[in-house]
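1. coordinates only, sequence not included:
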Ligand code: 5GP
Ligand code: MG
Ligand code: MG
């Protein structure tokens, strides 16, 4: 892995595919243990979490369901601070054990708006499982129940995460290069 360019910016290697998949296997083992017999419903947040959700779901060895919603709050490398529901939830979550799958919790804005909407529908339980968390970027306190990596407050791409539409197909995670 070496420096790559996406649009006008340079990125340096940060997390290898092996490192990412290793942590996802650990997360899947923990979830399989915690949710055995509960038939959890995983709600993956598109677009960014599609790769994470896919790799995680394959590693679960319990009865589990998955569905998808699409929320968007980002433009370029900065949060717009405005969350749009582009594709909503089509599944009844009342009395279900829900696990939200998110690529990254940054300011917490997206989850701070979405979690109350879900709580209103009275799930049996509601937890978040995230690939990446930027604790230093927190502006809205949201529960991060399961987390693969806590990372510094720097913009990252790859493994499903984009910079203005590009970079999602990169197998590793890259970090914005300092000038
Ligand atoms: P939040 O609402 O927590 O500020 O941000 C949530 C969304 O912003 C994430 O689901 C993700 O789509 C996007 N985002 C936040 N930080 C990054 C980042 O470092 N890189 C990329 N590509 N997207 C990010
Ligand atoms: Mg996301
Ligand atoms: Mg994005």
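-> Ah, there it is. Please read all numbers here as calculations on a predicted model, not as lab measurements. Ligands and ions are numbered 1, 2, ... in the order given.
2. could you check the distance from residue 110 over to residue 134?
-> 13 Å (C-beta to C-beta, to the nearest Å). Just so you know, the C-beta spots here come from the backbone N, C-alpha and C atoms, and that holds for glycine as well.
3. give me the low-pLDDT residue ranges for this protein?
-> 1, 74-81 (pLDDT under 70).
4. After the longest helix anywhere in it, which helix or strand is next?
-> When the chain is parsed with DSSP state H, its longest helix is helix 17-34. Per DSSP states H and E, helix 17-34 leads on to strand 41-46 as the next helix or strand towards the C-terminus.
5. tilt between that next one and helix 17-34?
-> 150 degrees (axes from the mean of the first three to the mean of the last three C-alpha atoms, to 10 degrees).
6. the strands in the chain, which residues?
-> Using DSSP state E, the strands of the chain run over 4-6, 9-15, 41-46, 65-75, 78-87, 97-105, 125-133, 146-150, 156-157, 173-176.
7. contacting residues around residue 87?
-> 46, 68, 69, 70 (C-beta atoms under 8 Å, 6 or more residues apart in numbering).
8. Which of those residues sits closest to ligand 3?
-> residue 46 (10.3 Å; C-beta to the ion).
9. so what's that closest one up against?
-> 68, 69, 70, 71, 87.
10. Which one of those residues is nearest to ligand 1?
-> residue 71 (7.3 Å; C-beta to the nearest ligand atom).
11. From residue 83, how far out is the closest one?
-> 6 Å.
12. between the two, who's got more neighbours?
-> Set residue 71 next to residue 83 and count neighbours by other C-beta atoms under 10 Å: residue 71 wins out with 19 against 16.
13. how far away is the more buried one from residue 60?
-> Residue 71 is 23 Å from residue 60, by C-beta to C-beta.
14. Could you do residue 148 as well?
-> 15 Å.
15. Flag every residue of this protein that's near ligand 2.
-> 45, 48, 103 (C-beta under 5 Å from the ion).
16. Closest one to ligand 1 out of these, please.
-> Distances from ligand 1 to these, taken by C-beta to the nearest ligand atom, are shortest for residue 48, at 4.0 Å.
17. What count of nearby residues applies to the closest residue to that closest one other than its chain neighbours?
-> In space, and not counting its chain neighbours, residue 48 is closest to residue 103: 3.4 Å by C-beta to C-beta, 6 or more residues apart in numbering. By the criterion of other C-beta under 10 Å, residue 103 has 24 neighbours.
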